[in-house]
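A.B. asks: Sequence and predicted model, in that order:
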Amino acid sequence: MQAFSIGSSAGDLLATQYDPEGPARHTLILAHGAGAGQAHPWMRARAADLAARGVRVVTFDFPYVTARRKVPDRAPVLIAAWRAVVDDVARRWPDVPLAIGGKSMGGRMATMLVAEPDAPAAVRGCVALGYPLHPPGKPEQLRVAHLGAIRVALLVVQGGRDPFGGPDDIRREFAAAGAHPTVVDMPFGGHGFEVRARDARQADEYARVADAVSQWLDTLQPAAIG
């Protein structure tokens, strides 16, 4: 694990890289959710899980976390931060296939970046771990308007007990918006893939998440789609 700084329009962003023991097959930039930064144990553990499977993982803090604010920045600021991190990482490891993604809000912002007309060409795929399809209890407030513009491969790993929308909701609403992701069901998982003891072992659930992401990364095309 190694920390480094990335310059952006909102100031320097702190990033951390998790390297596999051998050569990295892929680089995945993984953004945190709204409630906690990259140092949260969940983020560190998921990054380590993937590094153990041959994936270099880079995490970073959005500007509001760096500034020790609790309320997330507006989408344009979050997306600008995403773009700065992608540009930096693509320069550092130009010969390793690059994908981006994140937990909840971080994954949603990643999908918004790759939906932009000038999305970074280096990005070959996008991963959403627990996509926040709608606020809990408000299924009418869908966050899907941008999805039809995505032109890279898309993976959504979604818990069956996720209050932000389950796997079937993801398939239905993404398709209606013009997107057709690979969806991996985690039937017993909540928004962060937490499980009840009677349903599954927590370690097994997290391992399934890491396996799904690692195996999907291996299917990506050698160049950006579109």
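C.D. replies: That came through fine.
A.B. asks: can you give me the strands for the chain?
C.D. replies: 2-6, 13-18, 26-31, 55-60, 98-103, 123-129, 153-159, 182-186 (DSSP state E).
A.B. asks: For the last one, which strands pair with it and how are they oriented?
C.D. replies: Think strand 182-186. According to DSSP bridges, strand 182-186 forms sheet pairs with strand 153-159 (parallel).
A.B. asks: And the partner strand, how far out from the chain middle?
C.D. replies: Centre-to-centre, strand 153-159 and its host chain are 9 Å apart (C-alpha atoms, centre = their mean, to the nearest Å).
A.B. asks: now swap in stretch 7-19 and tell me
C.D. replies: Per C-alpha atoms, centre = their mean, the centroid offset for stretch 7-19 relative to its chain is 16 Å.
A.B. asks: buried set for that stretch?
C.D. replies: Residues 8, 10, 13-18 are the ones in stretch 7-19 that count as buried (16 or more other C-beta atoms under 10 Å). Yep, even glycine has a C-beta here, placed from its N, CA and C like the rest.
A.B. asks: The residues you listed: which two are farthest apart?
C.D. replies: Ala10 and Tyr18 (23.8 Å; C-beta to C-beta).
A.B. asks: ok, back up a step: so which of the buried residues of stretch 7-19 comes closest to Asp87?
C.D. replies: Ser8 (9.2 Å).
A.B. asks: Distance of the closest residue to that closest one other than its chain neighbours relative to Ala90?
C.D. replies: Excluding the flanking residues, the one nearest Ser8 by C-beta to C-beta, 6 or more residues apart in numbering is Ala84, at 3.6 Å. Per C-beta to C-beta, to the nearest Å, Ala84 is found 11 Å from Ala90.
A.B. asks: now do Arg83
C.D. replies: 11 Å.
A.B. asks: And Phe164, by the same measure?
C.D. replies: 30 Å.
A.B. asks: what about the two, which has more around it?
C.D. replies: The residue with more neighbours, out of Phe164 and Ala90, is Phe164; 23 against 17, by other C-beta atoms under 10 Å.
A.B. asks: May I see the buried residues of stretch 7-19 organised as CSV, with distance to Arg198 and pLDDT added?
C.D. replies: CSV is the format used below for these (distance: C-beta to C-beta, whole Å; pLDDT from 0 to 100):
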residue, distance to Arg198, pLDDT
Ser8, 45, 83
Ala10, 45, 74
Leu13, 41, 94
Leu14, 39, 94
Ala15, 39, 97
Thr16, 35, 98
Gln17, 38, 97
Tyr18, 32, 98
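A.B. asks: Turn the residues you listed into a markdown table, including distance to Arg151.
C.D. replies: As requested, the buried residues of stretch 7-19 are arranged in a markdown table below (distance: C-beta to C-beta, whole Å):
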| residue | distance to Arg151 |
| --- | --- |
| Ser8 | 24 |
| Ala10 | 26 |
| Leu13 | 26 |
| Leu14 | 30 |
| Ala15 | 26 |
| Thr16 | 29 |
| Gln17 | 27 |
| Tyr18 | 28 |
